[in-house]
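Colleague: Here is the input, now give the coordinates:
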Amino acid sequence: AARLEGLEEAHAIPLRIEAVDLTDLIAVASGRFGQRHPGHRLACQVADDVGSLDADRVLLRRVLDNLLDNAGRYADADAGPVELVATRRAHGLRVEVRDRGIGVGAADLPRLFEPFFRTDRSRSRDTGGLGLGLTLCSRVIEAHGGSIAASGREGGGLVVTIELPLAAPTRSLTAS
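Modeller: Below you'll find the model as predicted:
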């Protein structure tokens, strides 16, 4: 937690790179989701060949926890499970968190990762938070040399897609 506190103040936060088994990381995130959102189901689809990547295990776990928590907050539990899908790509790994929730308007999608931004729908619900969660996720993923994006889901809901290289860069996490 201390490594993330200065993020909004543009302080450098070093990455602690190690080999991270993505299947294990997803299993831990899945367990945490079940504890935090007992009324929701989580469907994990992890390709057999995802393997491991060089990453900061703690920060990457926080990203998964944050994305799954958001899905649990905004998803309609009766519309189907939250989905976490991990696949291996030509140059890295893709992780998607998909929900069937309130979704985000097309005009708000590009702003989701801006500091303190909250959609009108999220402001109107008693969800708490300051609007920093997705900003932190974005900066952590970018520090790993990856990208994160959000898109609407046909039929309602949101898909957050993370692309990560197998080897993380050897630089610090800084706010931009």
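Colleague: which of the residues in stretch 66-82 are buried?
Modeller: Residues of stretch 66-82 classed as buried: 66-75, 80-82 (neighbour count, 16 or more other CB atoms under 10 Å). (C-beta placed from N, C-alpha, C; glycine too.)
Colleague: So what touches that stretch?
Modeller: 29, 32-33, 36-37, 39-43, 84, 97-102, 121-122, 125, 127, 133-134, 136-137, 156-158, 160 (CB atoms under 8 Å, 6 or more residues apart in numbering).
Colleague: which ones among the residues you listed are found in strands?
Modeller: Among those, DSSP state E puts 42-43, 84, 97-98, 158, 160 in strands.
Colleague: Mark which of the buried residues of stretch 66-82 are part of strands, please.
Modeller: Among the buried residues of stretch 66-82, the subset assigned to strands under DSSP E consists of Val82.
Colleague: so which two of the buried residues of stretch 66-82 are the farthest from each other?
Modeller: Asn66 and Gly80 (21.1 Å; CB to CB).
Colleague: related to what we said a few turns ago, buried ones among the ones in strands among the contacts of stretch 66-82?
Modeller: 42, 84, 97-98, 158, 160.
Colleague: Give me the longest helix you can find in the chain.
Modeller: With secondary structure taken from DSSP state H, the chain has its longest helix at helix 57-74.
Colleague: Alpha carbons of that helix, as PDB, please.
Modeller: Output in PDB follows, covering the C-alpha atoms of helix 57-74 (Å, rounded to 0.1, in the frame of the first residue of the first chain):
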ATOM      1  CA  ARG A  57       3.300  -9.700  -8.000                       C
ATOM      2  CA  VAL A  58       1.800  -7.400  -5.400                       C
ATOM      3  CA  LEU A  59       0.900  -4.600  -7.700                       C
ATOM      4  CA  LEU A  60      -0.500  -6.900 -10.400                       C
ATOM      5  CA  ARG A  61      -2.600  -8.600  -7.800                       C
ATOM      6  CA  ARG A  62      -3.900  -5.200  -6.700                       C
ATOM      7  CA  VAL A  63      -4.900  -4.500 -10.300                       C
ATOM      8  CA  LEU A  64      -6.900  -7.700 -10.600                       C
ATOM      9  CA  ASP A  65      -8.500  -7.200  -7.200                       C
ATOM     10  CA  ASN A  66      -9.500  -3.600  -8.200                       C
ATOM     11  CA  LEU A  67     -11.000  -4.700 -11.600                       C
ATOM     12  CA  LEU A  68     -12.900  -7.600 -10.000                       C
ATOM     13  CA  ASP A  69     -14.100  -5.400  -7.200                       C
ATOM     14  CA  ASN A  70     -15.500  -2.800  -9.700                       C
ATOM     15  CA  ALA A  71     -17.200  -5.600 -11.600                       C
ATOM     16  CA  GLY A  72     -18.700  -6.900  -8.400                       C
ATOM     17  CA  ARG A  73     -20.000  -3.500  -7.400                       C
ATOM     18  CA  TYR A  74     -21.500  -2.600 -10.700                       C
END
